[in-house]
Every structure is written in C-alpha cells, then in structure tokens.
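A.B. asks: Any chance you can model this:
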Amino acid sequence: MQANVGDHLIVHGHVVGQRDRKGEIVEVRGPEGAPPYLVRYEDGHEHLVYPGPDAVVEPA
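C.D. replies: Here you go, the predicted structure:
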C-alpha cells in the first residue's frame, strides 16, 4: 500500500451496521509512501495507522 499526504484512508466496518471510517492522511512515515500513516479522522482525532486488508487509499 502506498499513499501521499492529502489522500484519504477508508477503513471498512467489521460488523453489520458499523459504518466505514474515513480520514485524511496528514503524514506518511514509511519509506516511499509506505505505512505507517498519521491519519486525521472526520471527528478530528489523529491516529498512527498501519492499515490492514480492510483499508483502502483513495487518492486526493
């Protein structure tokens, strides 16, 4: 997985009825666009994320 600052990370819900989480990648800490990513979610919280198979990067 590769991403750039400004791209969006979408993490799909694991349980029926759980909505997807969408956040903006504000920092790429891995080499050449690789994880981990610092992500700011819609609610304003920021988390360091190592995306799993349930996540996709949406280019800005």
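
A.B. asks: who does the most centrally placed residue in the chain bridge with?
C.D. replies: With distances taken as CA atoms, centre = their mean, residue 9 lies nearest the centre of the chain, 2.9 Å away. The partner list for residue 9 in beta bridges (DSSP bridges) reads residue 23, residue 57.

A.B. asks: how about it, what does it touch?
C.D. replies: 3, 22-25, 37, 39, 49, 51, 55-58 (CB atoms under 8 Å, 6 or more residues apart in numbering). Just so you know, the C-beta spots here come from the backbone N, C-alpha and C atoms, and that holds for glycine as well.

A.B. asks: Kindly report the same for residue 1.
C.D. replies: Here residue 1 is in contact with 34, 35, 51, 55, 57 (criterion: CB under 8 Å, 6+ apart).

A.B. asks: so the last one makes contact with residue 11?
C.D. replies: Put plainly, it is residue 57. No: using CB atoms under 8 Å, residue 57 makes no contact with residue 11, being 10.7 Å away.

A.B. asks: All good on my end, thank you.
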